[in-house]
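Enquirer: task: produce atomic coordinates for the following.
(one chain, ligands or ions: 2)
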Amino acid sequence: MDREVKKLKEEIEREREKGVAAMVACYQGFDPAAYLQYNYMPPRADFDRQDSIVPWKLGCLHRAFTEGDVGGEVLVDVGSGPTLYQVLSACEVFDTVFLTDFLEVNRQELRRWLQGEGKGYSSLDWTPYLQHVCKLEGRSPSAWTEKAARLRSVVSDILPIDVHLPRPLPLDSQLPTAGADCLVSCFCLESVSPDLASFTRALGHIRGLLRPGGHLLLIGALGESYYMGGPGVRIPVVPLDEAQVCASVRASGYTLVRLEVYTLPQGMKVGVDDVTGVFFVKARKP
Ligand SMILES: C[S@@+](CC[C@H](N)C(=O)[O-])C[C@H]1O[C@@H](n2cnc3c(N)ncnc32)[C@H](O)[C@@H]1O
Ligand SMILES: O=S(=O)(c1ccc2c(c1)CN[C@@H](CF)C2)N1CCSCC1
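Expert: Ligands and ions are numbered 1, 2, ... in the order given. This next block holds a predicted model:
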């Protein structure tokens, strides 16, 4: 019996490795500029409508970082991609921020923004996002230049990451031995995992980056089965519902603090994906 169980486990592990390898192949065509255009530029990214997803997402992050229990020195953003919106509130709370991504093209896109000032250095103008978060903080939108400077000052490194590894970051990543004080991850785990078990496993892997008592702030897609990572680059996504998100967060060893859900209005569905909603999870590592 033991030999049969061992054989079955080995077969399951081989299938898992095949699924992860297939995801790696999908990401070879990922196009940062196209991805930004599909998701973070008008008409999809609309700040004017109060019911728009972008103010909702930025509001969730602002509240999480200002309600008093999230804090410390070090924050890691898992699977940053080419985007910065996810750390615009965090950069006021943490003095050391690590951005991370699997692909060099995304790490390069982030470096270009962080190193550029005033030049045509980035594929997307993050000013409206910076201005919106300044308003959430009770500041003038014109303080966006100060926020941009603050973000540039706290980003300590842009690291390679693979959430399918038990140790997702390089050994020399300068993370404190005890772990980070906070993790942020947006639209990453469900869009890089071949199935729900892999998604849950990845949650467990990144948990190892966090110190006990640290927080995880997770934003992700609900009901999404694919998205376009570039022209003709269709990337499969693990379709999640709220119950599965909560179960996976708990099964991977976190205490769920709260779940918030946004349902996309019909007009937001424009063919670059089939997302139906967005979740926001605040969780804590016991
Ligand atoms: C849908 S994008 C999310 C980007 C960004 N966080 C956002 O909010 O739009 C998913 C990101 O996961 C990255 N990725 C792909 N495979 C990964 C892996 N094995 N581990 C960590 N990140 C991975 C991709 O390069 C991509 O930047
Ligand atoms: O912020 S979003 O909810 C958003 C933002 C990014 C993504 C998705 C959704 C869904 N597909 C993800 C692939 F992983 C990427 N948004 C969708 C509506 S318009 C503005 C962008």
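Enquirer: in contact with V237, which residues?
Expert: E190, S191, A221, E224, S225, Y226, Y227, D273 (Cβ atoms under 8 Å, 6 or more residues apart in numbering). For the C-beta atoms, the positions are set from N, CA and C on the backbone; glycine is no exception.
Enquirer: residues contacting the first one?
Expert: Counting by Cβ under 8 Å, 6+ apart, E190 makes contact with F199, G220, A221, E224, V237, V238, L240.
Enquirer: reformat the residues you listed as a markdown table; add secondary structure.
Expert: Shown next, in a markdown table, are these (DSSP: H, G, I helix; E, B strand; the rest coil):
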| residue | secondary structure |
| --- | --- |
| F199 | helix |
| G220 | strand |
| A221 | strand |
| E224 | coil |
| V237 | coil |
| V238 | coil |
| L240 | coil |
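Enquirer: return the closest of those with respect to D125.
Expert: When those are ranked by distance to D125 (Cβ to Cβ), A221 comes first, at 24.4 Å.
Enquirer: ok, what's across the strand from that closest one?
Expert: V278 (DSSP bridges).
Enquirer: so which of the contacts of V237 also contact ligand 1?
Expert: S191 (Cβ under 6 Å from any ligand atom).
Enquirer: enumerate the residues of the stretch 1-150 of the chain near ligand 2.
Expert: Residues of the stretch 1-150 of the chain lying close to ligand 2 (Cβ under 6 Å from any ligand atom) are N39, R44, A45, I53, V54, K57.
Enquirer: which ones are touching F94?
Expert: Contacts of F94 by Cβ under 8 Å, 6+ apart are G71, G72, E73, V74, L75, V154, D181, C182.
Enquirer: from these, list the buried ones, please.
Expert: G72, V74, L75, V154, D181, C182 (16 or more other Cβ atoms under 10 Å).
Enquirer: doesn't F98 make contact with the third one?
Expert: Spelled out, it's L75. Yes: L75 is within contact range of F98, at 7.3 Å (criterion: Cβ atoms under 8 Å).
Enquirer: shared neighbours of these two, anything?
Expert: A180.
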